[in-house]
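**Q** With the input below, show me the fold.
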Amino acid sequence: MAETPSGTVRVVVVGATGNLGTSVVDALAADPRVESVVGVARRYPRWSRPELRISTLDLAAATDADVDAVLDGAHVVVHLAWLFQPTRDPVTTWRTNVLGAMRVFGSVVRCGVPTLVYSSSVAAYSPGPKDHPVGEDWPTHGWPGAAYPREKAYLERVLDVLERDHPETRVVRVRPGFVFQRASAQQQRRLFVGPFLPTSLVRPGLIPVLPDIPGLRFQAVHAADVGEAVRLAALSPVRGAFNLAADPPVDPRLLGELLDARTVAVPA
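**A** Residues are numbered from 1 along each chain as shown. Alright, predicted model coming up:
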């Protein structure tokens, strides 16, 4: 594949204002090959970038024509949009996450967009071992007990069909672990541990004990690294799935070291 000339690629980032989107926009905007970045969001953000133009769109309520109007003329579509709350209402999240994503995927085909980069998740994988990594070929059936992995796994099957029926579309799936960055720390703390843990307590030396729960082990990655991975996926001639994770794995021992806390074994 010939090198892409500077300033010729038009990218649409669906979900441009979230934890992943801000880093993806920054990475793309810094690449001289990118002519423009259109960020799709439900509402206008408080931040802006010189290279970014915001288009407001609610995927749960949008029509096919609405989505086509935004994606028409794009060379790359990056789909990141995801609704995590309310977890107690899976119908609402399904409408945005699954049906909304399917509208985007359908528009990519109708508008003839050459490249689709989709942010899947480690949660799309079927349960696997906790003591060694698995590859991108590990089954992606998720875990049916929660909406998030169920929705991620369903969209993996949707993309399987898209790739089969439209081989002319280059599809890249990135599957990150837990994605963190300082700017989103407060929001993520509320998401994972609830609203009643004061931020002032989550610092070394103030939490004396952490539960050492058997099997609690996961991998994390910085949002900036995800942004760089998406940039590479968008502008390089690659296809398929890519895991995004950093070493070492996070477990109670590592959390205890970070918070200067003693770990205490408890039943799972």
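**Q** my hunch is that Gly39 is in a strand, does that hold up?
**A** Yes. Gly39 sits within a strand when classified using DSSP: H, G, I helix; E, B strand; the rest coil.
**Q** what about it, how many neighbours?
**A** Residues near Gly39, counting by other CB atoms under 10 Å, number 28. Yep, even glycine has a C-beta here, placed from its N, CA and C like the rest.
**Q** Apart from its chain neighbours, what residue comes closest to it?
**A** Distance criterion CB to CB, 6 or more residues apart in numbering; nearest residue to Gly39, sequence neighbours excluded, is Ala16 at 2.9 Å.
**Q** Against Ala101, how distant is the one you found?
**A** For Ala16, the distance to Ala101 equals 15 Å [CB to CB, to the nearest Å].
**Q** Shouldn't the residue nearest to Gly39 be within a strand?
**A** No. According to three-state DSSP, Ala16 belongs to no strand; its state is coil.
**Q** Which strands or helices does whichever strand or helix holds Pro149 pack on?
**A** Element membership for Pro149 (DSSP states H and E) is helix 147-165. For helix 147-165, the packing partners by 3 or more CB pairs under 8 Å, 6 or more residues apart in numbering; DSSP states H and E come out as helix 90-94, helix 100-110, strand 115-119, strand 170-176.
**Q** what's the longest one packed up against?
**A** Identification of packing neighbours for helix 100-110 by 3+ CB pairs under 8 Å, 6+ apart yields helix 64-71, strand 76-79, strand 115-119, helix 147-165.
**Q** most tightly surrounded among the helices and strands packed on helix 147-165?
**A** With neighbours defined as mean count of other CB atoms under 10 Å, those peak in mean count at strand 115-119, which reaches a mean of 26.
**Q** quick revisit: quick check: mean pLDDT across the helix holding Pro149?
**A** Averaging pLDDT along helix 147-165 gives 97.
**Q** can you give me the angle it makes with strand 115-119?
**A** 160 degrees (axes from the mean of the first three to the mean of the last three CA atoms, to 10 degrees).
**Q** List the buried residues for helix 147-165?
**A** 147-156, 159, 162-163 (16 or more other CB atoms under 10 Å).
**Q** what do you get for stretch 50-69?
**A** Those buried within stretch 50-69 under the rule 16+ other CB under 10 Å are Glu51, Leu52, Ile54, Ser55, Leu57, Leu59, Ala60, Ala62, Asp66, Val67, Asp68.
**Q** So which of the residues you listed sits lowest on pLDDT?
**A** Out of the buried residues of stretch 50-69, that is Glu51, at 79.
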